[in-house]
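*Asks:* please find the sequence and the predicted model below.
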Amino acid sequence: MTADKGFGDIRSYPPGTRAGILLLRPDEAGIRPLLELLKDVLAEYDLADLSGAVAVATSRGIRIRHGASV
């Protein structure tokens, strides 16, 4: 989990090449909006379902890119 938007670049961090990346992008700066967004994501998703994926969570929803299946 990170708030560093660089980790959302699938050219540098292709889905399926790591355990998974969850990028949190709250609308406002600060720890409280970040924690609220994380709470919302955890209420909706099991982190195991994001395994190997690059997921970007915002207040509008979550975009998930899974790696190619082998």
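*Replies:* Looks like it arrived, so ask away. Residues are numbered from 1 along each chain as shown.
*Asks:* in three-state terms, label the residue sitting nearest the centre point of the chain for me.
*Replies:* Centroid check for the chain by CA atoms, centre = their mean gives Leu22 as the closest residue, at 2.3 Å. State at Leu22, reduced to three classes by DSSP: H, G, I helix; E, B strand; the rest coil: strand.
*Asks:* so it touches Thr2, yeah?
*Replies:* Yes - contact between Leu22 and Thr2 holds when scored by CB atoms under 8 Å: they sit 7.3 Å apart. Quick note: C-beta positions are derived from backbone N, CA and C, even for glycine.
*Asks:* before we move on, the earlier item: contacting residues for the residue nearest to the centre of the chain?
*Replies:* With contact taken as CB atoms under 8 Å, 6 or more residues apart in numbering, Leu22 is in contact with 1-2, 41, 47, 50, 55, 57.
*Asks:* what segments of this protein are strands?
*Replies:* If DSSP state E is used as the criterion, the strands of the chain fall at 21-24, 54-58, 61-65.
*Asks:* just put those in CSV and tack on mean pLDDT and distance to Arg11.
*Replies:* What follows is the strands of the chain, written out as CSV (pLDDT from 0 to 100; distance: least, CB to CB, whole Å):
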stretch, mean pLDDT, distance to Arg11
strand 21-24, 96, 13
strand 54-58, 96, 11
strand 61-65, 94, 12
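*Asks:* okay, these, which one's buried deepest?
*Replies:* Most buried of these by mean neighbour count (mean count of other CB atoms under 10 Å) is strand 21-24; its value is a mean of 22.
*Asks:* now could you export just the CA positions of that strand as PDB?
*Replies:* Provided in PDB are the C-alpha atoms of strand 21-24 (Å, rounded to 0.1, in the frame of the first residue of the first chain):
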ATOM      1  CA  ILE A  21       0.300  -2.700  -5.300                       C
ATOM      2  CA  LEU A  22      -2.600  -0.700  -3.800                       C
ATOM      3  CA  LEU A  23      -2.200   3.000  -4.600                       C
ATOM      4  CA  LEU A  24      -4.400   5.200  -2.400                       C
END
